[in-house]
Every structure is written in C-alpha cells, then in structure tokens.
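Novice: Here you go, sequence then predicted model.
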Amino acid sequence: MPDLPRSHLIAYAVAAIAVLAFGVRQVSHSKAAQLPEGGSPIAVGQDAGGSRSGSGGGARLVVHVAGAVRRPGVYRLREGARVDDAVQRAGGSTRRAELTQLNLAAKLEDGRQVVVPVRTPVSGAPGSSSGASAPAAAAGPLNLNTATLEQLDGLDGVGPATARKILQYREQHGGYGRVEELGQITGIGPKRLAAFREQVTV
C-alpha cells in the first residue's frame, strides 16, 4: 500500500468525523420523533368515574299518609314530590275521600303527615251555624283535617275569615299534623290556641 501524503490523511480523517457526526444526529432526530409532544405519555381517563358516586338518585323525604286512602302508612318519596304523589303511593283515595278539601298540588315536606279527609254527610238546615256546630260538639272534638268551613265557623272565637284561613293552611300543607300548627295562622294567638286544644283534634 503506497504511503499517502499527510495532508490527504488529515482530509480523510475530517471527512470520516463529519460522516459520523451526521449519522449520530440522524439517529437522535429519529428517536425524538417517536415520542408524543411534551416528551412523556399522557394518562387518559384518570378521573372518569370519580364523580359518579354522587350522581345517582335524588334526595328523599319520608311522609305519613293517613285518612281515606287504600294503604295508609309511611312512604319514602323523591324530594319535590306533591301531595298527589303521596296519595297515589298509598294506593289512591277511597270512595269516601273528600279530595276537594286537599291541595293535591302542594309540595311535600320531610316528616309531614298527609291526611286525606273523609266525606261527611251534611245534616241540619243549610246556612245554620248553630245546627252545624251542635253535632260536632256532641261527637267530641272537631277534626281539623275533615272539618268543613261551616263547622270551623261554629267554633268559639272563630269567624268566617279565620275559618277560611284554617282551611287554606290545610290545603297548602297537606293537612294538619298537630293542633299547635293553628298558632301559625294570623289572628290565632296563644290564648285562643289554648282554647282550641279542647275543641279540635287531628
């Protein structure tokens, strides 16, 4: 093999180094292209089911349905349910029910008692408050959940305006759960409420 001049050897060496450097650069670019943008893999769906535990079902409320229904008892209904929902849940009203005295569209409250009134036969001369109040007195305390306007008007210290307020409260709240609820009606103070405890019941 003939001896090459030193200048040729240096030129060959420089060329070899350039080729090697070019090859290393190409390999580096090829590896970088295989990685996703950002330099590392992205985890997908880490919290896909994290919020499902609180999404099932709505709040519940418990009510007691009594009176003229087919299956009286305690029932659990969804929040926002109406009085009509509670009546239907209890099997619906019976033939003796007086639904006109019950506000079926009123919203239910947790712990509320829904009493479906029973239709009572009308006796005595119409328009006579004394004739309407006498049977009630003989039969005992007047039931706030079944009493008519005339019967309430016949109570001591109750006039037509207060009797209407008592009926309106009953319709708005789905019936009376306690006699003490009369104290929430405008015009009925502590003294009158104390007198009512002997005249009415629920």
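Specialist: Received the coordinates, thanks. Numbering: from 1, shown residues only.
Novice: residues near the residue lying closest to Gly189 once chain neighbours are set aside, how many?
Specialist: With CB to CB, 6 or more residues apart in numbering as the criterion, Gly189 has its nearest non-adjacent residue at 7.9 Å, and that residue is Gly183. Every C-beta, even on glycine, is put in place using the N, C-alpha and C of the backbone. Around Gly183 sit 14 other residues, with neighbours defined as other CB atoms under 10 Å.
Novice: pretty sure Gly183 contacts Leu193?
Specialist: Yes - at 4.8 Å, Gly183 counts as touching Leu193 under the criterion of CB atoms under 8 Å.
Novice: And the strands in this structure?
Specialist: 60-67, 73-78, 113-116, 142-143, 200-201 (DSSP state E).
Novice: For the fourth one, give me every contacting residue.
Specialist: In this structure, residues lying in contact with strand 142-143 by CB atoms under 8 Å, 6 or more residues apart in numbering are 136, 151-152, 155, 199-202.
Novice: got JSON lines for the residues you listed, with pLDDT too?
Specialist: Formatted as JSON lines, these follow (pLDDT from 0 to 100):
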{"residue": "Ala136", "pLDDT": "40"}
{"residue": "Gln151", "pLDDT": "84"}
{"residue": "Leu152", "pLDDT": "82"}
{"residue": "Leu155", "pLDDT": "78"}
{"residue": "Gln199", "pLDDT": "82"}
{"residue": "Val200", "pLDDT": "85"}
{"residue": "Thr201", "pLDDT": "84"}
{"residue": "Val202", "pLDDT": "77"}
